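sequence first, then the predicted structure, then my questions.
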Amino acid sequence: MIELAPSILSADFAHLAEQVELAAAGGASVVHVDIMDGHFVPNLTLGPPVVKSLRQATRLPLDCHLMIENPDEFIPAFAEAGADWISVHQEACRHLNRTLHLIKSHDCLAGVVINPATPVETLSEVLDIVDYVLVMSVNPGFGAQKFIPATLGKMRTLAEMRGALGYSYRIEVDGGVALETVGEVVRAGAEILVAGNAVFGDGDPKANASALLDAARSASLQKV
Ligand code: DX5
Ligand code: ZN
């Protein structure tokens, strides 16, 4: 099932509730929340208080993408604030298995994320325990960057491995997803589509979300 997860990074932070509501009216079914610490990535965003407020503003699941060092220190606070899904970067976790179990122990879905330069093979020992794998299709830190086509092969590999090994994780993609790229990411196997600039950048978030979902669904029908 294809789902659209608008990234609030490109939304108007003074009107988050309204922006999320508009995207939801266009068919978005997950809210993607980018957490940046100024260390793991060269940018700063938000913390648990904003997640707590968002929790009051929408019934959609909150997908918290932690781009932070030492995620174990903050996972309990994000879960407490109302995160439903929490993903951590393979590159930021010294004890990845432990961190993923920590997320699950808080009754959140556990996701693992890989940067564009990180191979899928580095996840081979955790694919049986994750609920989703997030393939970064830009280098994390900023919205509105250009999609990196070489990451498509990793989505295909993840889809093939899931079938061959009998795993059940879902495949999420994040970065540069727009009308021009959504078809190829869906055909490569991505099912949860994060989009920031393409939803909140220009125009009406409702119409933008709806157009992206239409394009994604028609591409999924073309899949063999
Ligand atoms: C980048 C973030 C993304 C970002 C995507 O570090 O993880 O979620 O908001 O933005 P777009 O869709 O504009 O590339
Ligand atoms: Zn993200």
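Yep, that arrived. Ligands and ions are numbered 1, 2, ... in the order given.

residues in this structure within reach of ligand 1, list them.
Within the chain, the positions near ligand 1 by Cβ under 6 Å from any ligand atom are 7, 9-10, 32, 34, 65, 138, 140-141, 143-145, 174-177, 194-198. In short, each C-beta sits where N, CA and C put it, glycine included.

one more time with 8 Å, if that's ok
Residues of the chain found near ligand 1 (Cβ under 8 Å from any ligand atom) are 7-10, 32, 34, 36, 41, 43, 65, 67, 136-145, 147, 174-178, 194-199, 201.

of those, which ones also sit close to ligand 2?
Among the residues of the chain next to ligand 1, proximity to ligand 2 is found for 34, 65, 174 (Cβ under 5 Å from the ion).

let's see which of those end up in strands.
Residues of these located in strands (DSSP state E): 34, 65, 174.

what ranges do the helices span in the protein?
Counting by DSSP state H, the chain has helices at residues 16-25, 48-57, 75-81, 96-105, 152-165, 182-188, 197-200, 205-221.

let me know the closest of the ones next to ligand 2 among the residues of the chain next to ligand 1 to A190.
Nearest to A190 among those is D174, at 9.4 Å by Cβ to Cβ.

tell me how many other residues surround E180.
For E180, the neighbour count with other Cβ atoms under 10 Å is 11.

now swap in the one 4 residues further on and tell me
As a burial measure, E184 scores 15 neighbours (other Cβ under 10 Å).

do the same with the one 4 residues further on
Neighbour count for A188, taken as other Cβ under 10 Å: 23.

what subset of the residues of the chain next to ligand 1 is buried?
Among the residues of the chain next to ligand 1, those classed as buried by 16 or more other Cβ atoms under 10 Å are 7-10, 32, 34, 36, 41, 65, 67, 136-138, 140-143, 147, 174-178, 194-199.

can you say which of the helices of the chain is nearest to E125?
Smallest distance to E125 across the helices of the chain (Cβ to Cβ): 7.2 Å, for helix 96-105.

any idea how far the closest one is from the chain center?
Its chain's C-alpha centre and that of helix 96-105 lie 18 Å apart, by Cα atoms, centre = their mean, to the nearest Å.

got the CA positions of that helix in CSV?
C-alpha atoms of helix 96-105 as CSV (Å, rounded to 0.1, in the frame of the first residue of the first chain):
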residue,chain,number,x,y,z
LEU,A,96,21.9,-0.7,16.5
ASN,A,97,20.2,-3.9,17.6
ARG,A,98,19.9,-2.4,21.1
THR,A,99,18.5,0.9,19.9
LEU,A,100,15.9,-0.8,17.7
HIS,A,101,14.7,-2.9,20.6
LEU,A,102,14.6,0.3,22.8
ILE,A,103,12.2,1.9,20.2
LYS,A,104,10.0,-1.3,20.2
SER,A,105,10.0,-1.3,24.0
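
understood, closing this out.
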